[in-house]
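Student: Next input, structure requested:
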Amino acid sequence: MTLAEKFDKLITGIISGFMLPVIILLLSFLFAKGDPGFSSWLNRILQPDIFTRIISFCVFPNVLIFMLFNYFDMLKAARGVLAITIVWAVLLFAVKFWP
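Tutor: Numbers count the residues shown, from 1 in each chain. Here you go, the predicted structure:
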């Protein structure tokens with residue numbers, strides 16, 4: 001069994017599609033301007049206008065892992081990344097257009 005066959009599972013795609021935006025979010029905190037504390041930074045990004053931009057910024061790298069899974073013919077994992085990216089998009093639209 002090759003490495004690609006071993007990790008070609010739906011759960012692999014779902015976990016990687018969820019964890020990559022979280023990692024990008026933490027990296028954006030580490031490189032935040034002004035070296036704020038985590039709670040003040042979190043309060044600042046939870047404003048609806050900023051929150052939608054942060055979600056979009058964090059979810060965009062999912063395209064890269066989706067393409068990577070497609071390149072290695074790991075279609076089940078790619079399906080998992082696509083599914084969790086759609087969930088992120090629904091969350092984004094819910095926050096953006098919530099009254």
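
Student: What ranges does this structure have for its helices?
Tutor: 3-7, 10-30, 38-45, 48-59, 61-71, 75-97 (DSSP state H).

Student: Any idea how many residues pack against the closest residue to Ile55 other than its chain neighbours?
Tutor: Leaving aside its chain neighbours, Ile55 sits nearest to Leu92 (4.9 Å; criterion: C-beta to C-beta, 6 or more residues apart in numbering). Any C-beta I mention is one placed from the backbone N, CA and C, and that applies to glycine too. By other C-beta atoms under 10 Å, 17 other residues sit near Leu92.

Student: got a list of what Leu92 touches?
Tutor: The neighbours of Leu92, taking C-beta atoms under 8 Å, 6 or more residues apart in numbering as the test, are 52, 55-56, 59.

Student: What's the separation between it and Ile50?
Tutor: Separation of Leu92 from Ile50 (C-beta to C-beta, to the nearest Å) stands at 13 Å.

Student: returning to that earlier point: any chance of JSON lines for the helices of the chain, columns mean pLDDT?
Tutor: Output for these, formatted as JSON lines (pLDDT from 0 to 100):
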{"stretch": "helix 3-7", "mean pLDDT": "88"}
{"stretch": "helix 10-30", "mean pLDDT": "94"}
{"stretch": "helix 38-45", "mean pLDDT": "89"}
{"stretch": "helix 48-59", "mean pLDDT": "88"}
{"stretch": "helix 61-71", "mean pLDDT": "95"}
{"stretch": "helix 75-97", "mean pLDDT": "93"}
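
Student: Give me the most central residue, the protein.
Tutor: Closest to where the C-alpha atoms of the chain average out (C-alpha atoms, centre = their mean) is Pro21, at 2.8 Å.

Student: For the closest residue to that one other than its chain neighbours, which residues are in contact?
Tutor: The shortest distance from Pro21 to any non-neighbouring residue, by C-beta to C-beta, 6+ apart, is to Cys58 (3.8 Å). Contacts for Cys58 (C-beta under 8 Å, 6+ apart) come out as 21-22, 24-25, 28.
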